[in-house]
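A.B. asks: quick one, what's the 3D model for this:
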Amino acid sequence: MIEVTYSTEMSISDIIAILSFISIIVGGIFTLNKWNVNLKLKRAEYIKALFDEIRSNPKIVFYLFEYDSIWYDEKFHGSKELESNIDYTLSYFSYICYLRNNNIITKSDFNYFRYELERILNNQQFKNYIYNLYHFSKRVNQPISFVDLFQYAKDNGYFDKDFWNKNSNKYLHLLNF
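C.D. replies: Numbering: from 1, shown residues only. Prediction:
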């Protein structure tokens with residue numbers, strides 16, 4: 001029979017090994033915490049940069065939506081600057097929706113842009129424009145522009161039943177569909 005004996009004595013090397021292990025664990029926890037804090041700060045800086053872009057970039061014409069300006073009319077598709085700025089604005093907000101759809105930004109981060117999104121998506125000029133783009137894209141069998149913004153609006157009930165009817169009299173018909 002084999003006899004097993006246990007010793008309760010610890011050598012100095014055992015104590016050093018235990019202390020080393022504890023210091024590695026504490027160091028790992030500290031490093032992980034620091035990494036998480038830095039990650040949150042970088043995300044906050046990114047969100048701030050996205051938000052600042054809305055206010056500072058002259059190509060983002062959010063105030064046309066904010067003040068319910070009339071911009072989608074017969075002259076729109078021939079006006080290079082206005083159409084370009086509207087498209088840039090809608091592309092920008094579609095990108096923000098893309099970031100949220102792909103969990104690149106959190107729901108809490110996304111909430112910083114909710115006011116602007118609400119103003120855009122409730123704007124009748126936007127609805128007229130996207131109505132035309134939607135039905136035109138269906139006719140030519142192409143994806144719609146601003147796909148993530150469109151999908152967000154669709155998923156959250158911003159379009160009424162008339163929107164889906166290409167013969168609706170509720171919306172302007174400016175594109176050939």
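
A.B. asks: need the contact list for residue 112.
C.D. replies: Applying CB atoms under 8 Å, 6 or more residues apart in numbering, we find residue 112 in contact with 47, 51. The C-beta positions use only the backbone N, C-alpha and C, and glycine is treated the same way.

A.B. asks: tell me the pLDDT at it?
C.D. replies: Note on residue 112: pLDDT of 94.

A.B. asks: look up how far residue 133 lies from it.
C.D. replies: The gap separating residue 112 from residue 133 is 27 Å, by CB to CB, to the nearest Å.

A.B. asks: residue 122 now?
C.D. replies: Distance of residue 122 to residue 133, given as CB to CB: 17 Å.

A.B. asks: those two: who's more crowded?
C.D. replies: Taking other CB atoms under 10 Å, residue 122 and residue 133 do not tie; residue 133 has more neighbours (19 against 13).

A.B. asks: in contact with the spatially most central residue of the chain, which residues?
C.D. replies: Residue closest to the average C-alpha location in the chain (CA atoms, centre = their mean): residue 96, at 2.7 Å. By CB under 8 Å, 6+ apart, the residues touching residue 96 are 50, 105, 110, 113, 117.
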